[in-house]
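# Here is my input, please return the structure:
(chains A and B)
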Amino acid sequence: MADPMKIRANLVGDSTEVKVLMAHEMETGQRKDAQGKTIPAWHITNVTATHNGKTVLSAQWGPAVAKNPFLSFKFKGGAKGEKVQVSWIDNRGDKRTDEATIA
Amino acid sequence: MNPQRREVLKRGGGVALLAALAAAGWLKPEQVLAAEAWNKAAFETKSLDETLKVLNGGTPAQSKDITFFSTPDIAENGAVVPIGITSAIPKTESIAILVEKNPNTLAAVFDIPAGTESSLSTRIKMGQTSNVYALVKADGKYYIAGKEIKVTLGGCGG
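The predicted structure follows:
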C-alpha cells in the first residue's frame, strides 16, 4: 500500500476546511528512462472524500495533477471530533483511504 | 459461446469490462460505481475544443464569476503549479481544470455535491506556457474562465 496521506480538517465558522497531501508518483507516461523506454503512466484516477457517510467531494484525475498531490476544499457542516475520510484509487488498482478528525 | 460473454472476454480489464458486466446483468450498477468510473476519453483529448466536445460542454459562456486564487502568473516549476478556483455561479456541480498546451488537455474534474463550497485548490503539471481554463458546470449549463500561466521549466518530463 502507498504511504499515508496527511489530512487536516479544521472547523472554520460553520464549515470544515480540508487539506490533503497525498503520496503518489503521478507518472505522466510522457517520460523516458535512461534506456529510452517510455515510463508507463501511473497516477491517481479517482478521489473521494466523505463525512458522516456523505460524499463531500469526488474527483477524476489525469496524470497532469502534480506529484504528491495537494488538495484543499471546504464543505458546510462538520463538528469537532467528527471524521473526514479521503480515498483514492490509481490506474493500477492501488488504493488508499485515510481519515482525519475535525479540529 | 454466449455472444455477450465473448464480448466481455474480448474487452479485457478495466472500466469497459465492468460496464459490459453491468450490461450483462452480472454486476449491480452500484458495484460498478463503487469501482470508480474514469472518463478515459476526456483525459485523452488534445485540445480545448476536443475536451469541451467530449465533456458535452458545447460552447461554454465566459464567466466573470469564476476566479482563480493562489495561482501564479509565472510558474517557476511547471511540475508543481498551484491552481485555486472559485465559482460563484449558483448550483455549481463540477469544476474541471484544462491546460490548453499540455499533451492531454484535461487535468482534473471535481464533482461538487450540495453543501460543499465550489472553491478548491490543487497543484497541476504544465508542460509549457499555456492558458489554463476552469470549466464549470452549474445547473446543467457550462461556463468557462481562463488565465495564462507562463512556465519557465516545463513539468511533463518530455
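# Up against chain A, what does chain B have?
By the rule C-beta under 8 Å from any C-beta of the partner chain, the part of chain B lying against chain A is B:36-39, B:42-43, B:79-82, B:84, B:99, B:102-104, B:106-113, B:115-117, B:119-126, B:155-158. Heads up, the C-betas are built off the backbone N, CA and C, glycines and all.
# Counting neighbours, which of the residues you listed end up buried?
Neighbour counting by 16 or more other C-beta atoms under 10 Å in any protein chain shown classes B:36, B:38-39, B:42-43, B:79-82, B:84, B:99, B:102-104, B:106-112, B:116-117, B:119-126, B:155-156 among these as buried.
# In strands, which of those appear?
Using DSSP state E, the subset of those located in strands is B:81-82, B:84, B:99, B:106-111, B:116-117, B:119-124.
# Can you verify A:Thr16 is assigned to a helix?
No - using DSSP: H, G, I helix; E, B strand; the rest coil, the assignment for A:Thr16 is strand, not a helix.
# Not counting residues beside it along the chain, what's closest to it?
Once flanking residues are discounted, A:Thr16 sits nearest to A:Gly78: 3.3 Å by C-beta to C-beta, 6 or more residues apart in numbering or on different chains.
# what about the chain, any weak spots by pLDDT?
Going with chain A. A:1 (pLDDT under 70).
# meant chain B, my bad for not saying
Scanning chain B for pLDDT under 70 picks out B:1-36, B:154-158.
# for the longest strand seen in it, packing partners?
Across chain B, the strand with the greatest residue count (assigned by DSSP E) is strand B:141-151. Under the contact definition 3 or more C-beta pairs under 8 Å, 6 or more residues apart in numbering or on different chains; DSSP states H and E, strand B:141-151 sits against strand B:61-62, strand B:66-69, strand B:74-75, strand B:81-87, strand B:130-138.
# Now render those as a markdown table, adding distance to A:Lys83.
Formatted as a markdown table, the helices and strands packed on strand B:141-151 follow (distance: least, C-beta to C-beta, whole Å):
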| stretch | distance to A:Lys83 |
| --- | --- |
| strand B:61-62 | 39 |
| strand B:66-69 | 28 |
| strand B:74-75 | 35 |
| strand B:81-87 | 25 |
| strand B:130-138 | 29 |
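# Quick check: the residue of chain A positioned farthest from its centre vs chain B, distance?
When distances are taken from the C-alpha mean of chain A, A:Gln35 lies farthest, 32.1 Å away, according to C-alpha atoms, centre = their mean. Using C-beta to the nearest C-beta, to the nearest Å, A:Gln35 is found at 15 Å from chain B.
# those strands in chain A, which residues are they?
Listed from the start of the chain, chain A has strands (DSSP E) covering A:6-12, A:15-21, A:44-51, A:54-61, A:70-76, A:83-90, A:95-101.
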